[in-house]
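Peer 1: could you work out the structure for the sequence below:
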Amino acid sequence: MGGANMAGMDMKGMDHGAMDMSAMHMGMRDGRNAPSVPLGPGVQTISPMPADRTGEPGQGLANVGHKVLVYRDLAAIDRNPDARAPSRAMRIHLTGNMERYMWAFDGKKLSEVKDPIPFRAGERVRITLVNDTMMNHPIHLHGHFFELVTGHGDHAPRKHTVNVQPGGTVTFDLTADAVGDWAFHCHMLYHMHAGMMQIVSVRPDVA
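Peer 2: Next up is the predicted model:
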């Protein structure tokens, strides 16, 4: 179709509702999937359908012509030292704005967080990380190992760093067995320095 004909088209007949980019953008930031996350400028998207991707190879490794190990392939040789069921659960969102280069946990960078993430010494907690961004985030907790929930029961793989793929989730069980204050951050260090870091505080359980 020629440019003159395009210019003369009756644009009133087109359905602009289906092409509302503003509505599309807001749909990607639907707070119903993350009610605890403030939808400020540092939260570009909220994953509409986050899924466990621990059974998938990393980005760019799906068609390399050889077997690629994934987290679900891993299992501990020895039985996990703590096989108790968790007493509570937490969900932490990995958030960011790639255009503004803002990175955070739950929409708040480290400088905006007033209190550490609290744990009682010895408690068992199930933590699910949700990656709402379009980038990988290798998340590291100092001072502790944790067990990935990937179907291996009391022989779950033990890690201190786990990569969370875009739009993906990773769940692990943590025993808070080291009293003190510990860094919890993205191991992509420029993400950490931009704000994707918090402090985990483990304190003795006071009767």
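Peer 1: the nearest residue to I117 once chain neighbours are set aside sits in which helix or strand?
Peer 2: Distance criterion CB to CB, 6 or more residues apart in numbering; nearest residue to I117, sequence neighbours excluded, is V200 at 4.9 Å. Placement of C-beta: from N, CA and C, glycine included. Per DSSP states H and E: V200 is located in strand 197-203.
Peer 1: would you mark the buried spots in that strand?
Peer 2: The neighbour-count criterion (16 or more other CB atoms under 10 Å) identifies M197, Q198, I199, V200, V202 as the buried residues of strand 197-203.
Peer 1: for stretch 169-181, same thing?
Peer 2: Applying a neighbour-count criterion of 16+ other CB under 10 Å, one finds T169, V170, T171, F172, D173, L174, T175, A176, D177 buried in stretch 169-181.
Peer 1: same question for stretch 152-161.
Peer 2: H152, A156, P157, R158, K159.
Peer 1: just those now: which is nearest T133?
Peer 2: For the buried residues of stretch 152-161, the closest approach to T133 (CB to CB) belongs to K159, at 20.6 Å.
Peer 1: the longest strand in the chain is where?
Peer 2: Longest strand in the chain by number of residues (criterion: DSSP state E): strand 88-97.
Peer 1: so what pLDDT did M28 get?
Peer 2: Listed pLDDT for M28 reads 64.
Peer 1: whoops, V37 was the one
Peer 2: So, for V37, pLDDT stands at 88.
Peer 1: now it: how far from S47?
Peer 2: 11 Å (CB to CB, to the nearest Å).
Peer 1: what do those two both touch?
Peer 2: Residues touching both V37 and S47 (CB atoms under 8 Å, 6 or more residues apart in numbering) are D132.
Peer 1: now flag whichever of the buried residues of strand 197-203 is closest to H191.
Peer 2: Closest approach to H191 among the buried residues of strand 197-203 (CB to CB): M197, at 8.5 Å.
Peer 1: which SS class is the closest residue to E99 other than its chain neighbours?
Peer 2: Distances taken as CB to CB, 6+ apart place Q44 nearest to E99, at 6.9 Å, with adjacent residues excluded. Following DSSP: H, G, I helix; E, B strand; the rest coil, Q44 is assigned to coil.
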